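Enquirer: What would the 3D arrangement of this be:
(one chain, ligands or ions: 2)
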Amino acid sequence: MFNKIPWPQNLDNVEELYSWAIYSLFESVEKHSEGTVIVDQNADVVWINSRYAARFGSTSQNAVGRPVEEVIPGSQMRDVVHSGRPILLDIMETKGPPLVVMRLPIKNEQGGVLGAIGFALYDGLTPFSPFVAAFSRMKRELDSIKGVLVHERRAKYSFQNVIGQSPALLELKNKARRAAQKDVPILLTGETGTGKELLAHAIHGASHRAGGPLVCVNMGAIPESLMEAEFFGVAPGAYTGALKNGRIGKLELAEGGTLFLDEIGDTPLTMQGKLLRALQEKEYEPVGSNRIKKTNIRIIAATSADLPEMVARKAFRSDLYYRLNVFPLKLPPLRERPECLPALTERILKDVATHFKTACHGLGRDALALLAAQSWPGNVRELRNVLERAAMLAEGPILGAHELRHLLLPANATPSSSGRQSGESAPERIAGDYNEAMRAFETEFLRQALAEAGGSVPLAASRLGLGRSTLYKKLKTLSILS
Ligand SMILES: Nc1ncnc2c1ncn2[C@@H]1O[C@H](COP(=O)(O)OP(=O)(O)O)[C@@H](O)[C@H]1O
Ligand SMILES: [Mg+2]
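Expert: Ligands and ions are numbered 1, 2, ... in the order given. Have a look, this model is predicted:
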């Protein structure tokens, strides 16, 4: 394609030598490349070698004059023409193996861009092969991880999964459906295990953001020192030890979708301020970056703590509380809606049967009465745990009260209940082996501590002499919190 330049007569003539060097560089790259393409300043193809055109199902003749992307899908030659800057090494994906490409602008003497030339290097340059193979492998892995993450970040539950027939629950579902349609912050309050996270999924799934991600963050579970990075992300190379490529924050992950802030009452005060600013301004700066990022997310916050009380003792910022409390939804505790028990137990036993291959699918009347007399401090989560254990141990298809009684914690019986406690003075024998007994004790101990702290994990942690995230982990392991 090039007119051959004669070998310089005089090797001391730098200009002649330079021209030769350039010519020889282009000649050898062209010879060893998979393809060469030249475009004009409109990024229309001016010339393409037949090898390269054939790779994209075209011929040199009919490629000429067409926009480069039409001939080479995904080509970035247009960027080079627009920016005037070369892309010295890049990987371009094609239907076949990926190509290592080099793209250079062609400029006139004044520096104006006339067009660009692109080389695709692959087979001829075997040193690149390991690099390309590694890229292809990483790309495949990344694609599959992205697929999993997209799936993970969809709403897993809908309103259909929110079970219960009590008037209070039906009204809550109605209100929540209406709230889903409005793009305003929602604050879910209610004791632990009442279904706040479940409802957050249902709301996201019924909102116009359902196609976007749902990102759930437990504010109590993140160590305070990592909070800012978790939320706002970290710019590449922001500080020693930061990942080379930076880190994506939760706000960015939730872009276009919903960010669910669980246990919002456990947010440290410093973070409350930063969060408020990001929500108010709808923008933030990643750690170590001076570039502002815009956000477009809907916030659903949840708490089992008494936020107004926390505001009163200055443990929670009032301005953040008002910003989150635009559409409040209160989830009633299970003890106040025993009408929900039949439907709930039926569904839970069905789930358990599918998951654990148990044969148990119903409750006897005495069993239902026993469950209705409990106070359920851990609400539906606790009910699920009890039914799960009972179903595993059950002998027949219908659970009787005698099969449930020993699984219920003594403190759970409501004062009015005429259950096993009446007339009993000897302490209840704790069932199970040492580990089971310790687990039962720890569960009860931590549950009480949490209740005495008004549901606030940080307060309970400081009273117990435990770290905030340590206590969180324990509460999670023991299924006291999700
Ligand atoms: N109304 C309900 N119908 C069905 N399952 C429920 C309901 N409420 C809670 N659950 C179940 O109870 C458990 C705890 O619910 P979760 O949403 O994590 O509660 P919270 O966030 O309020 O602590 C989950 O397994 C959830 O699916
Ligand atoms: Mg929860």
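
Enquirer: switch to C-alpha atoms for all contacts and neighbour counts from now on
Expert: Noted.

Enquirer: And the contacts of the helix or strand hosting Ala302?
Expert: Element membership for Ala302, per DSSP states H and E: strand 298-303. Contact with strand 298-303 is made by 183-191, 196-197, 200, 257-265, 324, as judged by C-alpha atoms under 8 Å, 6 or more residues apart in numbering.

Enquirer: Repeat that for stretch 153-169.
Expert: Residues contacting stretch 153-169 (C-alpha under 8 Å, 6+ apart): 170, 173, 195, 198-199, 201-206, 210-215, 331-332, 337-341, 343-344, 347.

Enquirer: gap between stretch 248-259 and the chain center?
Expert: Relative to the chain's own centre, stretch 248-259 is displaced by 7 Å; criterion: C-alpha atoms, centre = their mean, to the nearest Å.

Enquirer: First-to-last residue distance for that stretch?
Expert: Start-to-end span of stretch 248-259 (C-alpha to C-alpha, to the nearest Å) is 14 Å.

Enquirer: pLDDT (mean, whole number) over it?
Expert: Per-region confidence: stretch 248-259 scores 94 on mean pLDDT.

Enquirer: Show me what the residue nearest to the spatial centre of the chain is bridged to.
Expert: Residue closest to the average C-alpha location in the chain (C-alpha atoms, centre = their mean): Val215, at 4.2 Å. Beta-bridge partners for Val215, by DSSP bridges, are Leu259.

Enquirer: pull the CA atoms of the helix ranked longest in the chain into CSV?
Expert: For the chain, the helix with the greatest residue count under DSSP state H is helix 129-152. Output of helix 129-152 as CSV, limited to C-alpha atoms (Å, rounded to 0.1, in the frame of the first residue of the first chain):
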residue,chain,number,x,y,z
SER,A,129,-1.0,-14.1,23.0
PRO,A,130,-0.7,-14.8,26.8
PHE,A,131,-1.9,-11.2,27.4
VAL,A,132,-5.0,-11.7,25.2
ALA,A,133,-5.7,-15.1,26.7
ALA,A,134,-5.6,-13.7,30.2
PHE,A,135,-7.9,-10.8,29.1
SER,A,136,-10.4,-13.3,27.5
ARG,A,137,-10.4,-15.4,30.6
MET,A,138,-11.0,-12.4,32.9
LYS,A,139,-13.7,-11.0,30.6
ARG,A,140,-15.5,-14.3,30.8
GLU,A,141,-15.2,-14.4,34.6
LEU,A,142,-16.3,-10.8,34.9
ASP,A,143,-19.3,-11.4,32.6
SER,A,144,-20.5,-14.3,34.7
ILE,A,145,-20.0,-12.4,38.0
LYS,A,146,-21.9,-9.5,36.6
GLY,A,147,-24.7,-11.8,35.6
VAL,A,148,-24.9,-13.2,39.1
LEU,A,149,-24.7,-9.7,40.7
VAL,A,150,-27.5,-8.4,38.5
HIS,A,151,-29.6,-11.4,39.5
GLU,A,152,-28.6,-10.8,43.2
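
Enquirer: Do a quick rundown of the strands in the chain.
Expert: Taking DSSP state E as the criterion, the chain carries its strands at 35-40, 45-48, 87-92, 99-107, 113-121, 186-189, 214-218, 258-262, 283-284, 293-294, 298-303, 327-330, 362-363, 398-399.

Enquirer: For the third one, buried residues please.
Expert: Taking 16 or more other C-alpha atoms under 10 Å as the neighbour-count basis, strand 87-92 is seen to contain the buried residues Ile87, Ile91, Met92.

Enquirer: Please tabulate the residues you listed in JSON lines and include pLDDT and distance to ligand 1 as additional columns.
Expert: Below are the buried residues of strand 87-92 laid out as JSON lines (pLDDT from 0 to 100; distance: C-alpha to the nearest ligand atom, whole Å):
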{"residue": "Ile87", "pLDDT": "89", "distance to ligand 1": "50"}
{"residue": "Ile91", "pLDDT": "80", "distance to ligand 1": "45"}
{"residue": "Met92", "pLDDT": "82", "distance to ligand 1": "45"}
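
Enquirer: okay, and for the stretch 101-250 of the chain, where does confidence drop off?
Expert: Low-confidence regions of the stretch 101-250 of the chain, defined by pLDDT under 70, span residues 122-129, 132, 237-245.

Enquirer: That one against ligand 1: which residues are in contact?
Expert: The stretch 101-250 of the chain comes close to ligand 1 at residues Asn161, Val162, Ile163, Gly164, Thr192, Gly193, Thr194, Gly195, Lys196, Glu197, Leu198, as judged by C-alpha under 6 Å from any ligand atom.
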